[in-house]
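**Student:** got a predicted structure plus its sequence, pasted below:
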Number of protein chains: 2
Amino acid sequence: MAKQNTVFKDAYNRCLKLLADTSSLPSEPELGQVLGVSRTTVRAILSRFEELQLIAWDKRKKNVLRQPRPDDYFPTEETDSLADIIERSFMRRILAGGAEPGMQINELELAREIGTGTTSVREFLIRFSRFGLIEKRPNSHWVLKGFTREFALELTEVREMFELRSAARFVSLPDDHPAWEELTKIEALHRAILADIDKRYREFSELDEQFHLLVHKASSNRFIVDFYDIIAIVFHYHYQWNKTNARQRNARALEEHLAYIEALRSHDPAKAEQACRRHLQSARETLLQSIP
Amino acid sequence: MAKQNTVFKDAYNRCLKLLADTSSLPSEPELGQVLGVSRTTVRAILSRFEELQLIAWDKRKKNVLRQPRPDDYFPTEETDSLADIIERSFMRRILAGGAEPGMQINELELAREIGTGTTSVREFLIRFSRFGLIEKRPNSHWVLKGFTREFALELTEVREMFELRSAARFVSLPDDHPAWEELTKIEALHRAILADIDKRYREFSELDEQFHLLVHKASSNRFIVDFYDIIAIVFHYHYQWNKTNARQRNARALEEHLAYIEALRSHDPAKAEQACRRHLQSARETLLQSIP
DNA sequence: TTTCTGTCTTTTATCTACAATAGACAGATT
DNA sequence: AATCTGTCTATTGTAGATAAAAGACAGAAA
């Protein structure tokens, strides 16, 4: 198999949902736009719809014949890109599984275990190496540096520098900057989750990422924004892995975020800095607590 | 051809130099140690030496039969690793050649031009993407973001944050830390080059990298140290490309470095910060001047 | 006992091939 | 005139194969 057709399958599934809401589908270029794929893929989807008698397709006419059934969808496992699959299995191994720092990483073995070719694993490792958790010995193996206490400290040190600077930029953003509007939306979500915290505390992880990314983006600095990828991936897997006291921790973080948001709104650099510091400090503590 | 034997050729050339100085070579493991290669490669080298009647090889005895001649060496072009070759041709294209921001980068075309397979080019681009100069459109081409003014400003912003923090750490390093000794060596080199600036000003580029890397390392933070790679590569190619006033610029930078070194030695954070700022400011100006 | 060599196995670096996907262009349709 | 479709080409993503290089192990030499 040369290339997985996950792009097709994923777009197909999303297109099935669109189909459920209308009696006829729009033009090929428009569908491509909406689904974020090329016309080639759109036509592949339409062909399949036609085969399965979901639509009657004649040039510009794409009339819906019947509603999609659950079994018309591709299973979700098949729609994940290979890169995602590799990332997940790798992170499971190094974060959850007892992977010792210094351990060697074997491309071939990883590939066999995940069920892919070595090329994809190799490219993943190269991409992943920028996160500072692994290192390559040229002409030889990769070495796992491990999710250690030092790693967390180094990560948070840079994070704090970057976020403080970004927060300082944020307060001086002009009033008509779209970031303010997004901040309002994020704030509303915070309040909604807090109001129903017992049921919805799991939504915090994603919201946390959104909020901090918004702040980092105010820096207008690609290096600062890119660095946030590292933080996001670490916290993402960290939340999945360490669930002790999650409800309580998230509630506290939500409160801190609200104070932080209010400080940003005040346009007062000193207030923003203080709120930012306070939140970052507790985020750091939370992260460190989960490391042996 | 599956793998270039550049490791062999490069180690072979270096081993020829060793051979010129002795009457018999040491054991295989020791040679491997010295050359930084495995025993497999060492044995390949020894076999070739034997074939070319350079040594008489019988188990532990490896007696030198004759001095190496210039034509015993492999040409230097053949000893460069593929990654280096790709990096150089790519940087030439994007820094020197009139590459417009927004330009598409085509893996296949690049590979053909450089004379390699696509895999190597692809892996290079992935590794290179962390420098923020290119960006991938999934399932499609890479986009050149260009060595623009914004790029330089974003780069220097982070550089300044990191280097100021590293310099602050440096002054509080304990007296027996090896960094002080290295600082002394670097200082001596500065003075030597300054004393003969007209002839040796070209050596500055390498020294500059050494010095700033030493400072960054004082941070003990892998993200800060790794980030220095980006600065190093940008300045490296920048120096090669922009040679106007090089002698004068380098002389000034050397003086600034000396002041900076003295400030670090004083163990006074305020002095160090001031000297660091002054130098970074002029480095920033130099970089910006060379961008249209 | 320690270190070295001969031999063998494993792993990486790289090339090539091919299906999936993107994208270009001309003619058809509104 | 603008947009769409049919068709074709070019490029990417991934697997598989292979030479180079690393590395393991047992027996030989010091």
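**Tutor:** The structure has been received and is ready for your questions.

**Student:** what about the particular helix or strand that has A:E160 in it and chain B, touching?
**Tutor:** Applying DSSP states H and E as the criterion places A:E160 in helix A:149-171. Yes: shown here: helix A:149-171 in contact with chain B (Cβ under 8 Å from any Cβ of the partner chain) through A:151, A:154-155, A:157-158, A:161, A:165. (Glycine included, C-beta is placed from N, CA and C.)

**Student:** now, among the residues you listed, which is nearest to DNA strand C?
**Tutor:** Of all the residues of helix A:149-171 next to chain B, DNA strand C sits closest to A:F151, with 22.0 Å by Cβ to the nearest atom of the strand.

**Student:** next, count neighbours for that closest one.
**Tutor:** 19 (other Cβ atoms under 10 Å in any protein chain shown).

**Student:** I'd say it and A:F131 touch.
**Tutor:** No: in this structure, A:F151 is not within contact of A:F131 by Cβ atoms under 8 Å, at 9.4 Å.

**Student:** which residues sit against stretch A:27-47?
**Tutor:** Here stretch A:27-47 makes contact (Cβ atoms under 8 Å, 6 or more residues apart in numbering or on different chains) with A:7-8, A:11-12, A:14-15, A:18, A:25-26, A:55, A:57, A:60, A:62.

**Student:** how about stretch A:130-148?
**Tutor:** A:94-95, A:99-107, A:125, A:128-129, A:151, A:154-155, A:229-230, A:233-234, A:291, B:7, B:130, B:222-223, B:226.

**Student:** who in the stretch 1-150 of chain A is up against chain B?
**Tutor:** So far as Cβ under 8 Å from any Cβ goes, the stretch 1-150 of chain A lies against chain B at A:7, A:119, A:122-123, A:126-127, A:130, A:132, A:139.

**Student:** list phi and psi for A:S38.
**Tutor:** Dihedral pair for A:S38: phi -80, psi 170, per degrees, to the nearest 10.

**Student:** ok, it to DNA strand D distance?
**Tutor:** 9 Å (Cβ to the nearest atom of the strand, to the nearest Å).

**Student:** for that residue, grab the count of nearby residues.
**Tutor:** That count, for A:S38 with other Cβ under 10 Å as the rule, works out to 16.

**Student:** now the closest residue to A:N13 other than its chain neighbours: how far from A:I134?
**Tutor:** Nearest residue to A:N13, sequence neighbours excluded (Cβ to Cβ, 6 or more residues apart in numbering or on different chains): A:Y73, at 5.2 Å. Using Cβ to Cβ, to the nearest Å, we find A:Y73 at a distance of 36 Å from A:I134.

**Student:** mind checking the SS state of A:V143?
**Tutor:** Secondary structure, DSSP: H, G, I helix; E, B strand; the rest coil: A:V143 is strand.

**Student:** how far away is it from DNA strand D?
**Tutor:** For A:V143, the distance to DNA strand D equals 10 Å [Cβ to the nearest atom of the strand].

**Student:** please name the bridge partners of that residue.
**Tutor:** A:Q104, A:E135 (DSSP bridges).

**Student:** can you give me the neighbour number for it?
**Tutor:** 15.

**Student:** report pLDDT for it.
**Tutor:** What the model reports as pLDDT for A:V143 is 97.

**Student:** helix or strand for A:P68, just tell me which one.
**Tutor:** According to DSSP H and E, A:P68 maps onto no helix or strand at all.

**Student:** between the contacts of stretch A:27-47, which is closest to A:F204?
**Tutor:** Nearest to A:F204 out of the contacts of stretch A:27-47 is A:R14 (Cβ to Cβ; 26.3 Å).

**Student:** check what pLDDT the closest one gets.
**Tutor:** 98.

**Student:** quick one: secondary structure of it?
**Tutor:** helix.
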